[in-house]
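K.L.:
I'd like to go over a predicted model; first the sequence, then the structure.
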Amino acid sequence: MPGAHEGAVQFELDNAFAGSSAVFIDGWAFSQAASRPGTPAGRTYVVLRSEEREYVFDTSSRKRPDLGEYFRDRRLDGAGFFSYIPVSGLEHGVYKVGLYIADGVQGGFILTDEEISI
């Protein structure tokens, strides 16, 4: 399965775009620490970062049994996520998409190459 590795986060963004009323981002992500037995996959947050501002948003989890099967670790079945972010609360600009994983052990952050214009 394709994905990106950097620092302590492994991920893939399936969609990341801004519509007229909301930003939609979905994909999967987990901390490399989740590969240790007994460590949960973690909670994913979406970060939108511009030259002037940074916003952090919660996500909703999405079951991804394909991840658990591919990585041979059923804890990763819950590593899918999606987020709808209303554009009404965002300043206009170009934002890079980042992902922050809080797993209670190590966590991790990655700023992707994906950009969204609001």
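P.N.:
Done, it's in.
K.L.:
the helices in the chain, which residues?
P.N.:
Assigned by DSSP state H, the chain shows helices spanning 65-71.
K.L.:
so where is it shaky, pLDDT-wise?
P.N.:
For the chain, the stretches with pLDDT under 70 are 1-7, 33-41, 103-107.
K.L.:
roughly how far apart are Ile118 and Pro65?
P.N.:
Separation of Ile118 from Pro65 (Cβ to Cβ, to the nearest Å) stands at 33 Å. C-betas here are computed from N, CA, C, even on glycine.
K.L.:
next up, the contacts around Glu51.
P.N.:
Gly93 (Cβ atoms under 8 Å, 6 or more residues apart in numbering).
K.L.:
surely Asn15 meets Trp28?
P.N.:
No. Here Asn15 lies out of contact with Trp28, judged by Cβ atoms under 8 Å, at a distance of 11.7 Å.
K.L.:
okay, the two: which has more neighbours?
P.N.:
The neighbour count for Asn15 versus Trp28, taken as other Cβ atoms under 10 Å, is higher for Trp28 (23 against 10).
K.L.:
so the more buried one sits right up against Ser61, yeah?
P.N.:
No. Counting by Cβ under 8 Å, Trp28 stays clear of Ser61, with 10.0 Å between them.
K.L.:
now list whatever residues contact both of these two.
P.N.:
Residues touching both Trp28 and Ser61 (Cβ under 8 Å, 6+ apart): 80-81.
K.L.:
which non-adjacent residue is nearest Thr112?
P.N.:
Val97 (5.0 Å; Cβ to Cβ, 6 or more residues apart in numbering).
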